[in-house]
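A.B. asks: Output the structure for:
(chains A and B)
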Number of protein chains: 2
Amino acid sequence: MSMLQENDPYMKDMKQVETAALFRQIIRIMEELRQGVKKPYKEVIDVASGDPQKTGMKPLSFVRQILAACLYPQLINDNKLPVDVRQRAQRLLGECPGGSVGSYSATRGMPDIVHRVSEYISRRDGGAWSNPENIYISPGSQWSLANIFQILVNTEASTRTGILTPVPGYNTSILSIKELGAVPVPYYLDEEQGWELHMEELHRALASAKGVCNPVALYIINPGNPSGQVQSRQSIQEVIQFASEKRLFILADEVVLSKDYYLSKHKRQSTQIQQVNTWTYVCNFLKVYQDTVYGEKSEFVSYKRVLAEMGPPFSDTVELASFHSASKGMLGECGLRCGYVELVNLDPAVMKYIYTQFSKDSCAPVLGQIALDVMANPPQPGDPSYPFYIEETQHIRTTLVHNVNRALTAFNSLPGLTCQPGEGGVFVFPRLDLPPRAIQKAKEAGLGPDTFYCVNLLEDAGVFARPGAEYGQKEGTHHIRICIMTPPDIMEELLRRVTSFHTQLMKDFS
Amino acid sequence: MSMLQENDPYMKDMKQVETAALFRQIIRIMEELRQGVKKPYKEVIDVASGDPQKTGMKPLSFVRQILAACLYPQLINDNKLPVDVRQRAQRLLGECPGGSVGSYSATRGMPDIVHRVSEYISRRDGGAWSNPENIYISPGSQWSLANIFQILVNTEASTRTGILTPVPGYNTSILSIKELGAVPVPYYLDEEQGWELHMEELHRALASAKGVCNPVALYIINPGNPSGQVQSRQSIQEVIQFASEKRLFILADEVVLSKDYYLSKHKRQSTQIQQVNTWTYVCNFLKVYQDTVYGEKSEFVSYKRVLAEMGPPFSDTVELASFHSASKGMLGECGLRCGYVELVNLDPAVMKYIYTQFSKDSCAPVLGQIALDVMANPPQPGDPSYPFYIEETQHIRTTLVHNVNRALTAFNSLPGLTCQPGEGGVFVFPRLDLPPRAIQKAKEAGLGPDTFYCVNLLEDAGVFARPGAEYGQKEGTHHIRICIMTPPDIMEELLRRVTSFHTQLMKDFS
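C.D. replies: Residues are numbered from 1 along each chain as shown, chains lettered A, B, ... in the order given. Next up, the predicted model:
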């Protein structure tokens, strides 16, 4: 047991209380700014969470118009809204119990929406079969994930349950695992190789659990959060074979993708924005742009699709839960709180238990469910809302491509900062190599170097980023996580502030 | 241990799987109706949950207008919406991170809304101090309750944790307690006395736990769900004294109340609707109608208020969590998924743990938070929306008073059905006294008499009610729970169907 505990990469240099302290710090600073306390900045740039609208990204009008019309049905008769919006709202209201979004829906989501999400998954996955009975809409993907963990973890067994977890990985999930008394068994992504997942590392991690815990599941985040790596089809195949051989349940956190929005690896020369030393983000609009030049090779593929295409025995035995959310990607509707999970190959007895587990809360917010429905069924060519929808989604895509390239260039040009390009998601996770005197100073303050960096970056430069320690990092390395889904002018201001802060810090401690 | 387990009133005649079976039954019937299968009814009347909009009650326009304008801010410039709606929406958006309801809020709610909820509590409780730091907005009161249970239950202790729970009581809460491995210690409400809570029964229940578990908390539902009883100020005082003496944490589930909406006991002659053999529901609009004739005596009081007014040592030692929700009462916005809990006299170390526990989920749905804000701050005299708001809330009040009286008269006029009037909430919980042959028939079907009744009521008459076994009931008694917050014509149709079904059943089995 001790080997794994001593090397717990998620706790190194970071106590949970420090995360809380960071949040208290930002609340204090916001309050001081509101009271007119003089600081070197007028507003904090909050890139601590994957929340595009927080920094001013605009929501999709089509989504918002439908939600507004569902809430206040008088708008359906108002010809200021496009006719397809009004028709859609009318149809959706007809599907709500009592014709109102104010009623509880069925526990696992409105049946019509569940069906359409299932059809969307099939389309996304090249026609792979999706059973609506296996789809549960919930108040968010983390909610579903925590509940599935709860089912997987056997608290009665004498040997604790283990779950293989990526380093770096999403902190909320790791916390859920620990709270259940289970053991996160870390596997490390290879930073130098763009945070790639190596099979030998999975084997090593599994072996490390021997005598410590009983590993039952493999938690995957794809695209990586915070790392941003995107797994190739081949890599996914290998992981599925591994899971099959070792009898591991696969939990595939695929939330950073959205509907018709896929980020994939592509050489820089294939995009308009030329950038040295970086891969560039390329968004491949399925349905809308599915026949573009990016082609099959660079297309993002889901675990479900690869599993289905591998055929038996894998496709009918490997247990998989795939998570998705309305919070990320094109929609970015974090405030609505809604996501879904698709469960594949689960024992019917377990499915019954899942039904009970998911019934504890009455249902996901109905407006979030409607947003998921719109995500699964955007306007089609010929619909009145189609041109503006395309304009808005194109704008988001362009912004993301622009921002990631700007961020990589800026960070990689600073001494003591290196940033792997990543290939998807909405985060970058640059690595800090701070001077020994800065590390010493952090130690004196009782903080890890990355937490020390974030505390000062927030205080001095008004940029709220998260320390790598929250997500786990290799012994002796330190990182910060930054959301890059912001308006371009905010990104420029952020880079200006980080550059200035970082330069000064390197000077002060050199 | 065995005494308590054998007499577990929540499991009598009802396995959890039967609840699931009932839900599957209604899904099947709805599907059959959709496919045109011929039945004695065209639509199911679903009064199984406290969901007014499901049966066609209209939401409050003021709430919906503000939410729609927040979602689609172009509406703020549209003069079709009242000016106070547009101003309010503008202000609320200004308080959202990034000016959008699509952003995550602070974990325990938008700070401005938390402050206003705190002020609302103070006003409601006659000026009793409320600290915003003690208020947590969550995705619903059941969510909060389950999380507080989790904190109270010590899973490591050799003696299991006990929580005193009412019989009948809300099934979801009881399920949460059991899932944590804790023991619900039942105390029985006195049906013959209008489901009153007697102190000697609390003492008996506590004594029954001796040698079985370690009781740490007392769970109260007021107004009762499903029983509908409302505790008097004196009863609350006695309960607080009891909790203080026995060192029990009070969990006061007060969700069935809403903002300015209090149901209280009142003799029938004080209302317009005369009804024999019933108490009548009287709604006392605080703020709006606070100087009405109903006066102090019949006013609903919260646990928080009574605790504050009792003074030391009670007011600064008794630990209390009081829950409220946007789902019930005047708002009835179940689909939005939002509620709050106020925590009083908790140890700061526990409060820190609660912060962590409540941070597992990022935040409550932002639109639900806004609905709570409107609940706490309805339109005021002079506001453009005020007259229509009063008209709508009056209509809801009149409907509720009308429905409960109609239901009581109808049920109490049927042989084998008796219904206590109750004094608040949105449910009635009539008692079934079925003929022995019906009970035998139920037994043959492997069902409890009340489940048997509900299954057949749904199948034959298209009325979806819940069996009392789900909520717990005294040995040998059987009940059904019905939501009475429906449009009057639906209530009439429901009573027609129940009367006809029940009469036939009594005839068939007599």
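
A.B. asks: what are the ranges of the helices in the stretch 251-400 of chain A?
C.D. replies: Assigned by DSSP state H, counting those that start in this stretch, the stretch 251-400 of chain A shows helices spanning A:303-310, A:348-358, A:366-376, A:386-412.

A.B. asks: and B:Glu201, which of the ones you listed is closest to it?
C.D. replies: helix A:348-358 (30.7 Å; Cβ to Cβ). In this view, the C-beta of every residue, glycine as well, is placed from N, C-alpha and C.

A.B. asks: buried set for that closest one?
C.D. replies: Within helix A:348-358, the residues scored as buried using 16 or more other Cβ atoms under 10 Å in any protein chain shown are A:Val350, A:Ile354, A:Tyr355, A:Thr356, A:Gln357, A:Phe358.

A.B. asks: want to try CSV for these, with distance to B:Gln231 as columns?
C.D. replies: Supplementary listing: the buried residues of helix A:348-358 in CSV, determined by distance: Cβ to Cβ, whole Å:
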residue, distance to B:Gln231
A:Val350, 42
A:Ile354, 38
A:Tyr355, 35
A:Thr356, 32
A:Gln357, 33
A:Phe358, 33
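
A.B. asks: out of these, who's near chain B?
C.D. replies: A:Tyr355, A:Thr356 (Cβ under 8 Å from any Cβ of the partner chain).

A.B. asks: Surely A:Ser122 touches A:Ser130?
C.D. replies: Yes - using Cβ atoms under 8 Å, A:Ser122 is in contact with A:Ser130, at 4.8 Å.

A.B. asks: more neighbours, these two?
C.D. replies: For A:Ser122 versus A:Ser130, the count of surrounding residues by other Cβ atoms under 10 Å in any protein chain shown is larger for A:Ser130: 22 against 17.

A.B. asks: What residues does A:Asn134 make contact with?
C.D. replies: A:Asn134 makes contacts with A:Glu342, A:Leu343, A:Val344, A:Leu346, A:Met351, as judged by Cβ atoms under 8 Å, 6 or more residues apart in numbering or on different chains.

A.B. asks: Show the pLDDT at the fourth one.
C.D. replies: What the model reports as pLDDT for A:Leu346 is 96.

A.B. asks: excluding its backbone neighbours, what's nearest it?
C.D. replies: With sequence-adjacent residues excluded and distances taken as Cβ to Cβ, 6 or more residues apart in numbering or on different chains, A:Leu346 is closest to A:Glu319, at 5.7 Å.

A.B. asks: tell me which parts of the stretch 351-500 of chain A are close to chain B?
C.D. replies: For the stretch 351-500 of chain A, the residues in contact with chain B (Cβ under 8 Å from any Cβ) are A:352, A:355-356, A:359-368.

A.B. asks: let's see 6 Å
C.D. replies: With the criterion set to Cβ under 6 Å from any Cβ of the partner chain, the stretch 351-500 of chain A comes near chain B through A:Pro365, A:Val366.

A.B. asks: Which residue is it, in the stretch 351-500 of chain A, that comes closest to chain B?
C.D. replies: Relative to chain B, the nearest point of the stretch 351-500 of chain A is A:Val366 (3.6 Å; Cβ to the nearest Cβ).

A.B. asks: from memory that residue sits against A:Ser100, does it?
C.D. replies: No - contact between A:Val366 and A:Ser100 fails when scored by Cβ atoms under 6 Å: they sit 8.6 Å apart.

A.B. asks: So the two - more neighbours on which side?
C.D. replies: Using other Cβ under 10 Å, the more surrounded residue of A:Val366 and A:Ser100 is A:Val366, with 33 against 25.

A.B. asks: coming back round to it: in terms of mean pLDDT, which of the helices of the stretch 251-400 of chain A ranks lowest?
C.D. replies: Checking each of these, the one with the poorest mean pLDDT is helix A:348-358, at a mean of 87.

A.B. asks: now what about that helix, what contacts it?
C.D. replies: Helix A:348-358 has contacts (Cβ atoms under 6 Å, 6 or more residues apart in numbering or on different chains) with A:Tyr136, A:Asn147.

A.B. asks: at 8 Å what do you get?
C.D. replies: Defining contact as Cβ under 8 Å, 6+ apart, one finds that helix A:348-358 is touched by A:107-108, A:134, A:136, A:138, A:144, A:147-148, A:150-151, A:343, A:346, B:16-17, B:20.

A.B. asks: Just the CA atoms of that helix, as CSV, please.
C.D. replies: The C-alpha trace of helix A:348-358 is given here as CSV (Å, rounded to 0.1, in the frame of the first residue of the first chain):
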residue,chain,number,x,y,z
PRO,A,348,-28.7,-6.1,-16.7
ALA,A,349,-28.5,-6.5,-12.9
VAL,A,350,-26.0,-3.6,-12.7
MET,A,351,-28.2,-1.5,-15.0
LYS,A,352,-31.1,-1.9,-12.5
TYR,A,353,-28.8,-0.7,-9.8
ILE,A,354,-27.7,2.2,-11.9
TYR,A,355,-31.4,3.1,-12.4
THR,A,356,-31.9,3.2,-8.7
GLN,A,357,-28.6,5.2,-8.1
PHE,A,358,-29.6,7.7,-10.8
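
A.B. asks: distance between that helix and the chain's centre?
C.D. replies: Centroid separation between helix A:348-358 and its chain, computed with Cα atoms, centre = their mean, to the nearest Å, is 25 Å.

A.B. asks: burial measure for A:Gly211, as a count.
C.D. replies: 9.

A.B. asks: no no, A:Tyr340
C.D. replies: 29.

A.B. asks: domain ranges for chain A?
C.D. replies: Here the domain parsing of chain A from automatic domain parsing is A:2-57+A:390-508, A:61-102, A:111-257+A:302-376.

A.B. asks: Turn those domains into JSON lines, including distance to B:Ser235.
C.D. replies: As requested, the domains of chain A are exported to JSON lines (distance: least, Cβ to Cβ, whole Å):
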{"stretch": "domain A:2-57+A:390-508", "distance to B:Ser235": "39"}
{"stretch": "domain A:61-102", "distance to B:Ser235": "33"}
{"stretch": "domain A:111-257+A:302-376", "distance to B:Ser235": "29"}
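
A.B. asks: hmm, back to that, now do the shared contacts for A:Val366 and A:Ser100.
C.D. replies: Both A:Val366 and A:Ser100 are in contact with B:Gly335, where contact means Cβ under 8 Å, 6+ apart.

A.B. asks: can you give me the strands for the stretch 1-150 of chain A?
C.D. replies: Applying DSSP state E, counting those that start in this stretch to the stretch 1-150 of chain A gives strands spanning A:45-46, A:135-138.

A.B. asks: Most tightly packed of the ones you listed?
C.D. replies: Among the strands of the stretch 1-150 of chain A, ranked by average contacts under mean count of other Cβ atoms under 10 Å in any protein chain shown, first place goes to strand A:135-138 (a mean of 25).

A.B. asks: can you list the weak-confidence ranges in chain A?
C.D. replies: A:1-8, A:10-17, A:256-299, A:422 (pLDDT under 70).
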